[in-house]
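Asks: 3D model of this:
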Amino acid sequence: MEARRFSFLEICSGSGAQALGLERAGFDPVMLIDNRSDACKTISQNRRRWEVRCEDVIDFDPAEHPETYDVDLLSGGLPRVKSAAAVRRAEDESERKLLRAAIWLLTAVRPKALLLENVPELVEKDEFAEDRSWIEDELAHAGYHPFWKVLNAADFEVPQNRRSGFLIALTDPYHTAFAWPEPSKHPAPTVGGTLGASMAIHGWPGAQQWAEHADRPAPALIGGSDRRGGADLGPTGSKRAWAALGIDGNSLSDDFPTADFPMDAHPKLNIRQAAMIQSIPEDWIIYGRKTAAYRQIGHAMPPPLATAVGRAIATALAS
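Replies: A predicted model of the protein is given here:
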């Protein structure tokens, strides 16, 4: 007997990596929404049958799209919200507005379940207590039961120590059957094991030695702000962590190391390798120039993590 499949509406879809993970978990999208044209084109060229709307979630009116009502799941990987104390400009408040818009959309479309991913601090830190309280009050009023947790992608066979904060909420009676996914029994792949073969594609003689040194998972890829900055591996601390793995994080490369690349030099990642660190499959094409493509990759939820969380939700919905 074929397993039941579920429907979902996704907001802030980005490169579609989270949606890909949910597809593997048994969910099919009725619509995906993102306001960045590069991201919308990425999804459309990889899954032509998926309906993608390129618009701001705040402007989305579900009444104009009745197919979005009563889906099984509303999901989203929201832009990284800052604590109220850290907000310095009006533009910094836009992420919090999106968080609230997601909760309001939930009350409009009335899915059975909600999945939102954001910074771990939203789950763990006191400076976000007011946000959590507001969210829980809204969810309770709408008949949803919330579950908060921080998960590390490395626990789900992703070669990256990437901690994400999750909010799952379900209606009666499904919430009683929900349980967070258990970490994999297998260790996380190392950076060397993940990228070693690609480093040798053009004959770099230092590839094997480099791979043996890069013997642990990567630090979290940081996509950077859409409003500023270029394609690099993040602030000084992140670049230092990458350097310890033998990677130059000051920018991204356009290709793999060549045969004349110095044996003991630090190569840079290219777009394909950044996607490999996120466990995005090789056939998933990222649209756009280097900076735009890297931001889509760096902001993504690794598909194996989305699959694990999706399966936990599917199990609850099937109970």
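Asks: what element comes up after the helix or strand harbouring Thr194 heading to the C-terminus?
Replies: Assigned by DSSP states H and E, Thr194 belongs to helix 191-199. Note on helix 191-199: by DSSP H and E, the next helix or strand toward the C-terminus is helix 207-213.
Asks: Provide the contact partners of that following helix at residue level.
Replies: The contact list for helix 207-213, computed with CB atoms under 8 Å, 6 or more residues apart in numbering, reads Gly192, Gly193, Leu195, Gly196, Met199, Ala200, Leu245, Gly246, Pro257, Met263, Pro267. From N, CA and C alone the C-beta is placed, and that goes for glycine too.
Asks: Can you lay out those as CSV showing neighbour count, pLDDT and distance to Phe147?
Replies: Converted to CSV, the contacts of helix 207-213 look like this (neighbours: other CB atoms under 10 Å; pLDDT from 0 to 100; distance: CB to CB, whole Å):
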residue, neighbour count, pLDDT, distance to Phe147
Gly192, 21, 98, 36
Gly193, 16, 98, 33
Leu195, 28, 98, 35
Gly196, 17, 98, 38
Met199, 22, 98, 40
Ala200, 18, 98, 44
Leu245, 20, 98, 34
Gly246, 20, 98, 39
Pro257, 24, 98, 44
Met263, 10, 95, 50
Pro267, 22, 98, 41
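Asks: Check these and tell me the two furthest apart.
Replies: Gly193 and Met263 (20.0 Å; CB to CB).
Asks: okay, now the domains of this structure?
Replies: 6-185+301-317, 191-297 (automatic domain parsing).
Asks: if we can go back for a sec, ok, the contacts of helix 207-213 vs Thr68, which is closest?
Replies: Closest to Thr68, out of all of the contacts of helix 207-213 and judged by CB to CB, is Leu195, at 39.3 Å.
Asks: Please report how far the nearest residue to that closest one once chain neighbours are set aside lies from Trp210.
Replies: Leaving aside its chain neighbours, Leu195 sits nearest to Gln273 (5.4 Å; criterion: CB to CB, 6 or more residues apart in numbering). Using CB to CB, to the nearest Å, we find Gln273 at a distance of 12 Å from Trp210.
Asks: what about the two, which has more around it?
Replies: Neighbours per residue (other CB atoms under 10 Å) separate Gln273 from Trp210, with Trp210 holding more: 24 against 21.
Asks: I'd like the distance between that one and Ala101.
Replies: 45 Å.
Asks: same question, Asn152
Replies: 28 Å.
Asks: Pull the distance from the helix or strand containing His141 to the chain's centre.
Replies: Per DSSP H and E: His141 is located in helix 129-142. Offset of helix 129-142 from its chain centre (CA atoms, centre = their mean, to the nearest Å): 23 Å.
Asks: Show me which residues of that helix are buried.
Replies: For helix 129-142, the buried set under the neighbour-count rule, 16 or more other CB atoms under 10 Å, comprises Asp131, Arg132, Ile135, Glu136, Glu138, Leu139, Ala142.
Asks: who does it touch, helix- and strand-wise?
Replies: helix 94-109, helix 120-124, strand 144-152 (3 or more CB pairs under 8 Å, 6 or more residues apart in numbering; DSSP states H and E).
Asks: mind giving me TSV with these and columns for distance to Lys82?
Replies: Conversion of those to TSV gives the following (distance: least, CB to CB, whole Å):
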stretch	distance to Lys82
helix 94-109	6
helix 120-124	9
strand 144-152	17
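Asks: tell me the strands in the stretch 151-300 of the chain, going along the chain?
Replies: 160-161, 163-171, 218-219 (DSSP state E, counting those that start in this stretch).
Asks: Distance to Leu305 and mean neighbour count for those - can I get that in CSV?
Replies: Formatted as CSV, the strands of the stretch 151-300 of the chain follow (distance: least, CB to CB, whole Å; neighbours: other CB atoms under 10 Å):
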stretch, distance to Leu305, mean neighbour count
strand 160-161, 10, 19
strand 163-171, 7, 22
strand 218-219, 14, 26
